[in-house]
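In: curious how this folds, go ahead:
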Amino acid sequence: MHVMRILDSTGDTALEWDLRKKGSVEAVKQTFDQIIKEGYMAVRIDSPTEGEVIRKFDPTAKEIIVTAPMVGG
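Out: Numbering: from 1, shown residues only. The predicted model follows:
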């Protein structure tokens with residue numbers, strides 16, 4: 001199972017998908033595309049100590065962490 005975690009003001013939302021189920025992949029991809037347009041940053045986690053910033057949804061990623069944009073002043 002693959003998971004995308006969205007970290008924002010509402011907490012930690014986990015969305016899972018299964019590569020064998022096209023509908024589940026497409027649903028998470030649509031959410032990913034929308035929140036990236038809103039300025040969120042996504043990181044594909046490759047290991048406990050390594051990750052890579054991504055701008056396109058990678059359905060083969062085991063875990064993607066998405067964080068809300070920082071607000072500064």
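
In: all strands of this structure, in order?
Out: Here the chain has its strands, by DSSP state E, at 2-8, 11-17, 41-47, 50-54, 63-67.

In: let's have these in CSV, adding mean neighbour count, distance to Lys29 and mean pLDDT.
Out: For glycine as for every other residue, the C-beta is placed from the backbone atoms N, C-alpha and C. Listed next are the strands of the chain as CSV, based on neighbours: other C-beta atoms under 10 Å; distance: least, C-beta to C-beta, whole Å; pLDDT from 0 to 100:
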stretch, mean neighbour count, distance to Lys29, mean pLDDT
strand 2-8, 17, 9, 96
strand 11-17, 12, 8, 96
strand 41-47, 15, 12, 94
strand 50-54, 12, 12, 95
strand 63-67, 17, 11, 97
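
In: do you know which of these lies nearest Gln30?
Out: Closest approach to Gln30 among these is made by strand 11-17 (10.4 Å; C-beta to C-beta).

In: what distance separates the closest one from the centre of its chain?
Out: Centroid separation for strand 11-17 versus its chain: 8 Å, with C-alpha atoms, centre = their mean, to the nearest Å.

In: show me what it is packed up against.
Out: When contacts are defined as 3 or more C-beta pairs under 8 Å, 6 or more residues apart in numbering; DSSP states H and E, strand 11-17 sits against strand 2-8, helix 22-37.

In: so what strands line up beside that strand?
Out: The strands beside strand 11-17 in its sheet (DSSP bridges) come out as strand 2-8 (antiparallel).

In: angle of the strand it pairs with against strand 41-47?
Out: Interaxial angle, strand 2-8 versus strand 41-47 (axes from the mean of the first three to the mean of the last three C-alpha atoms, to 10 degrees): 140 degrees.

In: who's in contact with strand 2-8?
Out: 12-19, 28, 31-32, 35, 40, 42, 59-68 (C-beta atoms under 8 Å, 6 or more residues apart in numbering).

In: and the helices and strands packed on strand 11-17 as a markdown table, adding distance to Ser47?
Out: Listed next are the helices and strands packed on strand 11-17 as a markdown table, based on distance: least, C-beta to C-beta, whole Å:
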| stretch | distance to Ser47 |
| --- | --- |
| strand 2-8 | 15 |
| helix 22-37 | 21 |
